[in-house]
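Novice: got a predicted model here, sequence first, then my questions.
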Amino acid sequence: MPIRIVQLGSPRTRDEGARIGTVRRPPRGVPKAEFAKRDYYDVWFPNLAPSLETMKLGQAAETDAEWKAFTKKYRAEMATPEAQHALALLATLSAQTNFSVGCYCEDEARCHRAILRTLLADQGAVLKD
C-alpha cells in the first residue's frame with residue numbers, strides 16, 4: 001500500500017486514500033471546508049514542509065547551485081528529531097494503508113516533495129512511482 005507523492009489540487013487517483021498536505025500554508029482563496037472536496041488535502045501536516053525562509057529559497061532557486069542550497073537546508077530541517085519521527089510514522093503507515101502526501105508545485109523536480117520522496121524511502125516507506 002504505497003505512498004503516492006502528488007501535486008495538491010490535482011485529481012485524486014483510484015485508491016489514493018487520505019491526502020496529506022505537507023505545505024507551509026493552506027491554499028489561498030479556498031474555504032477550509034472545501035480543501036478535500038477540491039482535491040487539495042484531507043489533513044494539513046506542515047511539519048514536513050520547508051520553513052518559510054527555506055521555502056522562499058526554493059521558490060527563488062533558478063540555478064542548480066541555488067537548488068542545491070535549498071536541498072541542503074531543507075534536509076537539515078528534516079534531520080530534526082520531530083521531523084524524523086514524522087517521517088518514520090508515515091513510512092510505517094505506508095505498509096498498512098493507502099495515502100498520499102503532496103505540495104502545490106507543478107514540477108516535482110523543483111519541489112520539496114522530490115526530496116520528501118527520498119527521505120521517506122530512506123525511512124523504509126513503500127512508495128508508488
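Specialist: Now that the structure is in, tell me what you want to look at. On a predicted model such as this, the values are computed, not experimentally measured, just so you know. Numbering: from 1, shown residues only.
Novice: now the helices: where do they sit in this protein?
Specialist: For the chain, the helices defined by DSSP state H occupy 52-60, 64-77, 81-93, 112-122.
Novice: from the contact counts, what lies against the shortest one?
Specialist: In terms of contact count using 3 or more Cβ pairs under 8 Å, 6 or more residues apart in numbering; DSSP states H and E, helix 52-60 is assigned the packing partners helix 64-77. Yep, even glycine has a C-beta here, placed from its N, CA and C like the rest.
Novice: now do the same contact list for R117.
Specialist: For R117, the contacting residues are I5, E108, L127, by Cβ atoms under 8 Å, 6 or more residues apart in numbering.
Novice: could you find the closest non-adjacent residue to the second one?
Specialist: Right, E108. Nearest residue to E108, sequence neighbours excluded (Cβ to Cβ, 6 or more residues apart in numbering): A114, at 5.1 Å.
Novice: what about the protein, any weak spots by pLDDT?
Specialist: Per-residue confidence for the chain (pLDDT under 70) gives no ranges below the cut-off.
Novice: returning to what we had before: and the residue nearest to E108, how many neighbours?
Specialist: By the measure other Cβ atoms under 10 Å, the count of residues near A114 is 16.
Novice: repeat that for L116.
Specialist: Per other Cβ under 10 Å, the neighbour tally for L116 reads 25.
Novice: what sits closest to L48 if chain neighbours are left out?
Specialist: Of all residues beyond its chain neighbours, the one nearest L48 is T22 (4.2 Å), with distances taken as Cβ to Cβ, 6+ apart.
Novice: err, M78, not the other one
Specialist: Once its chain neighbours are removed from consideration, M78 has its nearest residue in L119; the separation is 5.5 Å (Cβ to Cβ, 6+ apart).
Novice: ok, that neighbour to A76 distance?
Specialist: 12 Å (Cβ to Cβ, to the nearest Å).
Novice: the two - which one has more neighbours?
Specialist: L119 (22 against 11).
Novice: and the more buried one, how far is that from R12?
Specialist: Counting by Cβ to Cβ - L119 and R12 are separated by 23 Å.
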